[in-house]
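I would like to see how this sequence folds:
(one chain, ligands or ions: 1)
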Amino acid sequence: MSISIVIVGSGPSGFYVAEALIKSEADVTIDIIDRLPTPYGLIRGGVAPDHQSTKRVTRAYERTALNEKVRYYGNVELGRDISLDELRATYDAVVLTIGMPGDSKLMVRGEEKTGVIGSAAFVGWYNGHPDFSRLAPDLNSKNVVVIGNGNVAVDIARVLVKTPKEMTEADLPQHVSNAIQASPITDVYMVGRRGPVEAKFTNVELREMGNLENAAAIVDPSDLPEEVTGDWSNRDRRLRERNLESLKGFAAETRDGKRKAVHFTFYAKPVEILGDEKVTGIRLEKTTVIDGRAQGTGEFWDIECSLVIPAIGYALEPVQDIPFDENTGTIRNVDGRVEEGVYVAGWAKRGPTGVIGTNKPDGKAAAEQILEDIGSGTKPGRDSFEARLKSREVRWIDFAAWQQIDAAEIANAPTGSPREKFVTTEDMLSLLSNSSS
Ligand code: NAP
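Below you'll find the predicted structure:
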């Protein structure tokens with residue numbers, strides 16, 4: 001009997017597991033479930049709306065989804081519609097590729113104030129993720145502070161300062177685009193607790209900040225060392241040298257009449273979010289880097305703002321019945337094996353780092369483990385799964401239904417944009433009801 005496998009989560013890591021299983025040419029059936037109607041996880045909900053070329057990787061995932069061994073079940077949530085125990089009883093292997101959907105905590109005083117919005121939520125909002133469609137961040141602020149020096153911080157800063165013309169080919173939902181363009185935001189402070197050499201953004205993303213139509217990239221030259229020192233691998237050293245070179249280029253420029261600016265604010269550690277219930281500013285402490293760690297110097301200053309966006313890394317909340325490793329914040333696993341018949345891949349396995357392609361070897365490893373551990377199928381698989389969903393009146397979205405949603409989004413696109421997203425599950429389901437009636 002063929003080995004039945006269910007993959008929970010249809011982001012890149014889920015699709016790379018499916019792709020590797022197909023390539024193995026083993027006798028398998030692969031079901032991919034996702035709690036949203038729409039597939040592709042962070043490609044749809046995380047990759048910046050103005051980076052459409054990155055999003056094109058979904059074409060490969062689409063080929064995987066259309067393979068005869070694969071079925072897609074959107075709008076099916078682990079824990080709500082089906083339990084892990086039920087999946088284990090139904091499938092020979094369960095692969096958890098649920099990513100890291102939440103925000104790491106900043107752990108500073110005032111973090112709970114209105115106006116502090118973590119990057120997962122903010123990026124989810126501007127990418128039309130149904131979980132955040134009602135976020136309505138208050139953008140009535142001249143200054144915005146984005147905390148972190150990673151690629152997500154760069155994405156957020158860039159989306160806030162690009163002109164409508166620069167965003168023409170993006171798939172920013174209309175209401176989000178209107179809110180950003182109507183806002184008085186002129187200055188975005190990107191705050192790094194360490195220095196320019198320690199920053200985690202990659203060079204292509206950094207360089208883009210120097211080529212914006214109406215936003216300047218501002219760097220204090222005194223923050224920039226002559227050269228990269230320290231103990232880095234050759235690859236890391238080259239990246240840091242390129243970043244330093246780009247930052248020196250920014251430091252040599254002035255605002256030059258541009259309406260907006262992104263201020264690269266290094267050696268600055270957040271110590272308190274100011275205000276009563278609502279944010280009115282942030283207090284920072286000047287740092288110095290000792291043995292790679294940011295140490296406070298006792299020198300403080302404030303930036304006035306009503307929006308603070310910590311972009312300090314994603315996190316996974318413990319999920320019911322799934323073994324969780326408190327130390328790493330990941331699903332507890334030994335090299336991808338969770339417990340008999342249960343596997344994990346992607347960020348939920350190794351933490352929220354790496355680019356999309358980093359998940360590919362992970363997917364291959366999970367597929368190899370499954371085929372190594374399970375000789376042939378013994379569990380009922382797909383038919384039993386569908387019967388259970390039907391008995392619970394779960395309305396799942398198959399791949400053809402997703403393609404209908406996709407086609408409607410493309411048809412609704414404003415000129416130049418690839419699509420106008422549906423931002424609520426209800427709207428997607430009602431589109432499908434209307435078109436089937
Ligand atoms: P990241 O690369 O890990 O960056 C997190 C940043 O937050 C770092 O600068 C870190 O500083 C800072 N930070 C962490 N805790 C902090 C705290 N308590 N206070 C102040 N600062 C703190 O994470 P990310 O930006 O969320 O990106 C996640 C992954 O997705 C990365 O691998 C990234 O490259 C990838 N990604 C790639 C792209 C792209 O390729 N275009 C776009 C988006 C995301 P320290 O270094 O001092 O810890």
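
now stretch 407-416: average pLDDT?
For stretch 407-416, mean pLDDT is 97.

what does stretch 162-180 give?
97.

so which bits of it are buried?
Neighbour counts using 16 or more other CB atoms under 10 Å place 162, 166-167, 170-173, 176-177, 179-180 of stretch 162-180 among the buried residues. (Each C-beta comes from the backbone N, C-alpha and C, glycine too.)

do stretch 103-114 as well
So, applying 16+ other CB under 10 Å, buried residues of stretch 103-114: 103-104, 106, 108, 110-111, 113.

do stretch 229-241 as well
Neighbour-count burial for stretch 229-241, with 16+ other CB under 10 Å as criterion, is recorded at 239-240.

how far out from the middle of the chain is it?
Relative to its parent chain, stretch 229-241 has a centroid offset of 26 Å by CA atoms, centre = their mean, to the nearest Å.

per-residue pLDDT of the residue of the chain found nearest the ligand, please?
Residue nearest to the ligand within the chain: Gly150 (2.2 Å; CB to the nearest ligand atom). pLDDT, Gly150: 98.

so what's it closest to, chain neighbours aside?
Nearest non-adjacent residue to Gly150, counting by CB to CB, 6 or more residues apart in numbering: Lys200, 4.4 Å away.

now swap in Leu84 and tell me
Asp321 (4.6 Å).

element containing the one you found, please.
Asp321 is part of no helix or strand when elements are defined by DSSP states H and E.

need the residue closest to the centroid of this structure.
The centroid of the chain falls nearest to Gly46 when counting by CA atoms, centre = their mean (3.7 Å).

end to end, how far does stretch 385-398 reach?
End-to-end span of stretch 385-398 (CA to CA, to the nearest Å): 14 Å.

hang on, the earlier thing: burial check on the residue nearest to Gly150, number of neighbours?
17 (other CB atoms under 10 Å).

Ala311 is in contact with Ala153, correct?
Yes: look at Ala153 against Ala311 with CB atoms under 8 Å: they come within range, at 3.9 Å.

joint contacts of these two?
Applying CB atoms under 8 Å, 6 or more residues apart in numbering, one finds that Ala153 and Ala311 are jointly contacted by 119, 146-147.

among those residues, which lie within strands?
Of the shared contacts of Ala153 and Ala311, the ones assigned to strands by DSSP state E are 146-147.

of the shared contacts of Ala153 and Ala311, list those near the ligand.
By CB under 6 Å from any ligand atom, the members of these lying near the ligand are Ile147.

can I get the buried residues of stretch 162-180 in a markdown table with secondary structure and distance to the ligand?
Shown next, in a markdown table, are the buried residues of stretch 162-180 (DSSP: H, G, I helix; E, B strand; the rest coil; distance: CB to the nearest ligand atom, whole Å):
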| residue | secondary structure | distance to the ligand |
| --- | --- | --- |
| Lys162 | coil | 15 |
| Glu166 | coil | 16 |
| Met167 | coil | 16 |
| Ala170 | coil | 14 |
| Asp171 | coil | 16 |
| Leu172 | coil | 16 |
| Pro173 | coil | 19 |
| Val176 | helix | 18 |
| Ser177 | helix | 20 |
| Ala179 | helix | 22 |
| Ile180 | helix | 18 |
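
can you list the low-confidence ranges for the stretch 201-350 of the chain?
Judged against pLDDT under 70, the stretch 201-350 of the chain has no low-scoring part.

quick check: longest helix of the chain.
When the chain is parsed with DSSP state H, its longest helix is helix 234-251.

for the stretch 51-200 of the chain, just list every one of the strands.
Ranges of strands within the stretch 51-200 of the chain are 70-73, 93-96, 102-103, 143-147, 187-191, based on DSSP state E, counting those that start in this stretch.

could you dump the shared contacts of Ala153 and Ala311 to TSV with pLDDT, distance to Tyr16 and neighbour count?
Converted to TSV, those look like this (pLDDT from 0 to 100; distance: CB to CB, whole Å; neighbours: other CB atoms under 10 Å):
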residue	pLDDT	distance to Tyr16	neighbour count
Ser119	98	24	24
Val146	98	30	26
Ile147	98	31	26
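
what about the spatially closest residue to Met100 that is not a sequence neighbour, how many neighbours?
Nearest residue to Met100, sequence neighbours excluded (CB to CB, 6+ apart): Tyr314, at 3.8 Å. When neighbours are defined as other CB under 10 Å, Tyr314 has 23 of them.

about what we covered before: wait, what's in contact with the residue nearest to Gly150?
149-151.

also Arg207?
Residues in contact with Arg207 (CB under 8 Å, 6+ apart) are Ser246.
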